[in-house]
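# predicted model follows, preceded by the sequence.
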Amino acid sequence: MNVSSPISLLNSQNLGKNKLRAAATQFVSILLSQMFDKMEESVVKSSVIPQTSGERWYREWLMDAYSQEATSDQLNSLVNMVVSQLSQNQYQK
């Protein structure tokens, strides 16, 4: 019985190179966005000027936009590493 993990379904034969690269880019973008969220959590908040829900939403949107922009420009090598790892069949048993 050949059991494969869900990651093995993302190889370049099943999705094609463009779709695999898009999935890897999205993964790196989400990872970077989560890093930005954790960094923001470490900032001391002041109760002098309360933050509205609109400001919180805008800040989350802005961090997502920053992460997408950074992924498409500066983090291309990280995306390439994710693509190469996912395109290998090392996850199949």
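Ah, there it is. Residues are numbered from 1 along each chain as shown.
# how about the residue located most distally from the centre of the chain, phi and psi?
For the chain, the C-alpha lying farthest from the average C-alpha position belongs to V48; by CA atoms, centre = their mean, that distance is 34.1 Å. Backbone torsions for V48, taken as degrees, to the nearest 10, come to phi -70, psi -50.
# how much space separates it from R56?
Distance from V48 to R56, counting by CB to CB, to the nearest Å: 17 Å. (Each C-beta comes from the backbone N, C-alpha and C, glycine too.)
# cool, and F36?
Here F36 is placed at a distance of 14 Å from R56 (CB to CB).
# more neighbours, these two?
Neighbours of F36 and R56, each counted by other CB atoms under 10 Å, are more numerous for F36; the result is 18 against 10.
# remind me, longest helix of this structure?
With residue count as the measure and DSSP state H as the assignment, the chain has helix 17-41 as its longest helix.
# quick check: next helix or strand after that one?
As assigned by DSSP states H and E, the chain's next helix or strand after helix 17-41 is helix 53-73.
# for the record, mean pLDDT for that following helix?
Along helix 53-73, the predicted local confidence has a mean pLDDT of 87.
# Three-state assignment for V82, please.
Following DSSP: H, G, I helix; E, B strand; the rest coil, the label given to V82 is helix.
# relative to L62, how far out is the spatially closest residue to it that is not a sequence neighbour?
Taking CB to CB, 6 or more residues apart in numbering, and ignoring the residues beside it in sequence, V82 has A24 as its nearest neighbour in space, at 4.0 Å. Separation of A24 from L62 (CB to CB): 23 Å.
# these two - which one has more neighbours?
A24 (22 against 11).
# pretty sure the more buried one sits against V79.
Yes: under the criterion of CB atoms under 8 Å, A24 makes contact with V79 at 5.1 Å.
# which outside residues touch stretch 62-70?
The contact list for stretch 62-70 (CB atoms under 8 Å, 6 or more residues apart in numbering) reads 29-30, 32-33, 36-37, 40.
# just the buried residues from those residues, in ChimeraX please.
Isolation of the buried members of the contacts of stretch 62-70 (16 or more other CB atoms under 10 Å) is achieved in ChimeraX through the command below:
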select :29,32,33,36
